[in-house]
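> compute the structure for the input listed below.
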Amino acid sequence: MAAPSLTLARAAGRLSRRLGRGGGTSLPGKVLLRMRPDAVGRLGSGLRLGAAVVSATNGKTTTARMLASCISAAGWPMVSNPAGANLLSGVATALLEAERARPRPEVGLFEVDEAALPEVARQLRPRVVVLMNLFRDQLDRYGELEHVAERWAAMVAELPPWSRVVLNVDDPAVAALAGERADVLTFGVEDAGVALPGLPHAADSTRCRRCATRLHYEAVLLGHLGHWRCPACGLSRPRPEVRATEVRLDGVRGLSLAVETPEGEVRADLPLPGLHNAYNATAAVAGARALGVPHDLIGPALARSAAAFGRAERIAIAGRELVVLLAKNPVGANENVRTVLLDPEPLHLLVALNDRTADGRDVSWIWDVDYEPLLPRVARLTATGDRAYDLALRFRYAGLEPERMRVEPGLDAALDAALDAVPAGGVLYALPTYTAMLALREVLVRRGVAEDFWRER
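All right, here's what the predicted structure looks like:
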């Protein structure tokens, strides 16, 4: 590729960092793609071991981090986008920087936005594609879930024959993507002991992909994910090749799991809580197997995986512990509720709701979240963000008394108010939407208790 275009794109990144406009994780790629629209394909073709992409509505950042740990354990030089720049421009930026890395990367690993995935896959022609789930999210940007599923199906059909597709068969919409492909690796959670009592209000894909009959669930695990079958036509969840046979949730501190694979069992204790992280870990095991990571390295590598920024991240501040749990759609928020309730202590919550482009302008999804189980346990809830009053109204309708809630739209003031209510040594749970999470981390960086997320490379 022509050197002038690479040089100009790198200069854009340096300028972005110098001006304090971020880590330069997207701008260089945007500049490069303007000059060379096929840059991702050209740069990616130099990866000796090919590339893996991970996509989902929920969990792709954490899963990519776990898979990166497995790749590092195998000793393969890697290029990735750990700062979360997951559009085509972010992938281009990562590959651009890798051009000067020594040793030269041999494998690429990229988390990719659901809507951006078809174009990234078209250019990158990945060796492994990990598809985890499809939930209702940002309707004003993506449209209905079915629209994304259709685009994914077209993308899978167009992948080259050497691409290995890794699918979560607990999600009926994702399971259907296998189509006629021969080389598909499936995964799921087999342990029904962690099932929910029934489908939550926010469940999405609950009808048969073949005949549209409402599905029957033997076990509901997360949203519409679970052990499903159609009572009319007989379509059912296939038994996954990579399956979590044992999941033990260790409160809000972590989890233990056993994952059965064709090569044997993988066991790991993870410092990440919640059933959603059991799914993320199982997806990472399947992705590592598809890439050829030696079996005996996978469990220890998972155990070394740390929380990604904003995803069960723990930060010490003012003699308290702040736990940040990103919640950007009904399913994610419900799973955070489920996770926080594992803490036996009275709950102190900082809930932040924004409606910016990256969050989705439509915030009506908060009425589909089952916040009600939190209420008996809440000691103090602080509502903040651009739509703090919408959030407060939701909790008032749920039944939270005004004396247990404070509305503070300004994030700095809200953080101080929430921390003041927490006893020394206690825990404050922050449940922000995406841009609110980034704004919260800016506050924490400014106070010297956290580091810019884009420096985590």
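> distance from stretch 213-222 to the middle of the chain?
Distance of stretch 213-222 from the chain centroid (CA atoms, centre = their mean, to the nearest Å) equals 23 Å.
> tell me which residues of it are tucked away?
Leu215, Tyr217, Ala219, Val220, Leu221, Leu222 (16 or more other CB atoms under 10 Å). All C-beta spots, glycine's among them, are computed from the backbone N, C-alpha and C.
> by contact count, what packs against the strand or helix carrying Ala383?
Using DSSP states H and E, Ala383 sits in strand 378-384. Under the contact criterion of 3 or more CB pairs under 8 Å, 6 or more residues apart in numbering; DSSP states H and E, strand 378-384 touches strand 347-352, helix 388-398, strand 405-407, helix 411-420.
> any idea how far the most centrally placed residue in the chain is from Ala284?
Closest to where the C-alpha atoms of the chain average out (CA atoms, centre = their mean) is Gly59, at 2.3 Å. As for Gly59, its distance to Ala284 is 10 Å (criterion: CB to CB, to the nearest Å).
> and Arg151, by the same measure?
For Arg151, the distance to Ala284 (CB to CB) stands at 24 Å.
> start to end distance for stretch 339-357?
27 Å (CA to CA, to the nearest Å).
> for that stretch, what is the distance to the chain centroid?
So, by CA atoms, centre = their mean, the centroid of stretch 339-357 is 17 Å from its chain's centroid.
> now do Thr213, the pLDDT please.
According to the prediction, Thr213 has pLDDT 96.
> what's the closest non-adjacent residue to it?
Ala232 (3.9 Å; CB to CB, 6 or more residues apart in numbering).
> checking my notes, that neighbour in a helix, right?
No: counting by DSSP: H, G, I helix; E, B strand; the rest coil, Ala232 is not part of a helix but coil.
> count of neighbours near it?
When neighbours are counted by other CB atoms under 10 Å, Ala232 registers 14.
> and for Gly41?
Neighbour count of Gly41, defined by other CB under 10 Å: 15.
> give the buried residues for the helix or strand hosting it.
According to DSSP H and E, Gly41 maps onto helix 39-44. Residues of helix 39-44 classed as buried by neighbour count (16+ other CB under 10 Å): Ala39, Val40, Leu43, Gly44.
> helix or strand next in line after that helix, which one?
Downstream of helix 39-44 (by DSSP H and E), the next one is strand 51-55.
> after that next one comes which helix or strand?
Counting by DSSP H and E, the next helix or strand C-terminal to strand 51-55 is helix 60-73.
> partners of the helix or strand following that next one, with directions?
Next along the chain after helix 60-73, taking DSSP H and E as the criterion, comes strand 78-80. Using DSSP bridges, strand 78-80 pairs in its sheet with strand 107-111 (parallel).
> for the partner strand, give the mean pLDDT please.
On average, strand 107-111 scores 98.
> between it and strand 51-55, how many degrees?
On the basis of axes from the mean of the first three to the mean of the last three CA atoms, to 10 degrees, strand 107-111 is oriented at 10 degrees to strand 51-55.
> contacting residues around strand 107-111?
Counting by CB atoms under 8 Å, 6 or more residues apart in numbering, strand 107-111 makes contact with 44, 47-55, 60-61, 63-64, 67-68, 71, 76-81, 84, 86, 90-91, 94-95, 98, 120, 124, 126, 291, all of which sit outside it.
> beyond it, next helix or strand please.
Once the chain leaves strand 107-111, the next helix or strand it forms, by DSSP H and E, is helix 117-124.
> tell me the buried residues in that following helix?
Going by neighbour count (16+ other CB under 10 Å), the buried part of helix 117-124 is Leu117, Pro118, Glu119, Val120, Ala121, Gln123, Leu124.
> returning to that earlier point: for Asp113, state which of the buried residues of stretch 213-222 is nearest.
Nearest to Asp113, judged by CB to CB, of the buried residues of stretch 213-222 is Leu222 at 20.7 Å.
> so how far is Leu196 from the closest one?
Counting by CB to CB - Leu222 and Leu196 are separated by 8 Å.
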